[in-house]
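Visitor: mind looking at a prediction? Sequence and model below.
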Amino acid sequence: MFLGTHTPRLDEKGRLFLPAKFRDKLAGGLVITRGQERCLYVFAMADFERLAAEMNNTPVTNRAVRNFQRVLLSAASDEIPDKQGRVTIPAVLREYAGLTKDCTVIGTGNRVEVWDTTAWNDFLAATEDDFADQGEEVIPGGLF
C-alpha cells in the first residue's frame, strides 16, 4: 500500500527519485500515465496489468469508456527505476501535469500520484472543506 506525502525534485533530465518507501514495490517495473486533476498516476506493473484487464471487459460501444481509455492509455509509459531509484517521466506527461522542478508525490493506496507542488497545494486547499464534510458518502459504513 502506498501512503504518505513526499517532495522530491525533478532533475534536468526529467528524472524523479521515487520515495524510498515506494521503491521495493515499484522496482520490478511501473506504469506512469495521465491522472485526473492534472496529476500523474504511477502503478506497479502488476497493478496496472490488472487495471488494463478490467478495462478490456468494458464495452467499447460506450463513448465514455472509449474516451477514458484513450486518455489513460495514450500517454502511458512503462518504466523501470534505475539503481538509484530514479524514474524518467516522459516529456508529454511532464507537460500534462505541469511538472518543472518541485514535485509532490503522494501515496493513495493502490497507486502513487505525482503533482506539481503548487498544483497539489491548491488542490488540497480547495478540497479541504469537502473532505471535512464527507465521510459515510465516500466510505460506506461510517468509519469516520
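Guide: Alright, I've got the coordinates. Since we're looking at a predicted model, the values are computed, not measured.

Visitor: tell me the pLDDT of the residue nearest the centre of the chain.
Guide: For the chain, the residue sitting closest to the mean C-alpha position, by CA atoms, centre = their mean, is Tyr41 at 1.8 Å. For Tyr41, the model assigns a pLDDT of 98.

Visitor: Ile80 against Gly29, yeah?
Guide: Yes. Using CB atoms under 8 Å, Ile80 is in contact with Gly29, at 5.2 Å. Using the backbone N, CA and C atoms, a C-beta is placed for each residue, glycine as well.

Visitor: those two: which has the busier surroundings?
Guide: Legend: neighbour count by other CB atoms under 10 Å for Ile80 and Gly29, higher for Gly29 (15 against 12).

Visitor: so the more buried one versus Leu51, what's the distance?
Guide: 14 Å (CB to CB, to the nearest Å).

Visitor: what does Ser74 give?
Guide: 15 Å.

Visitor: look up how far Arg94 lies from Arg111.
Guide: Taken as CB to CB, the span from Arg111 to Arg94 is 18 Å.

Visitor: again with Asn121
Guide: 19 Å.

Visitor: which helices and strands does the helix ranked longest in the chain pack with?
Guide: Determined from DSSP state H, the single longest helix within the chain is helix 117-133. When contacts are defined as 3 or more CB pairs under 8 Å, 6 or more residues apart in numbering; DSSP states H and E, helix 117-133 packs onto strand 103-107.

Visitor: show me how far the strand it packs on is from its chain's centre.
Guide: In terms of CA atoms, centre = their mean, to the nearest Å, the centre of strand 103-107 is set 8 Å apart from its chain centre.

Visitor: run me through the strand neighbours of that strand, direction for each.
Guide: strand 5-6 (antiparallel), strand 112-116 (antiparallel) (DSSP bridges).

Visitor: any idea which of those is most buried?
Guide: strand 112-116 (a mean of 24; mean count of other CB atoms under 10 Å).

Visitor: average model confidence for that one?
Guide: On average, strand 112-116 scores 98.

Visitor: restrict it to CA atoms and write it as CSV.
Guide: Output in CSV follows, covering the C-alpha atoms of strand 112-116 (Å, rounded to 0.1, in the frame of the first residue of the first chain):
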residue,chain,number,x,y,z
VAL,A,112,1.2,6.8,-6.4
GLU,A,113,0.3,10.3,-7.7
VAL,A,114,2.8,12.9,-8.9
TRP,A,115,1.8,16.5,-8.7
ASP,A,116,3.4,19.9,-9.3
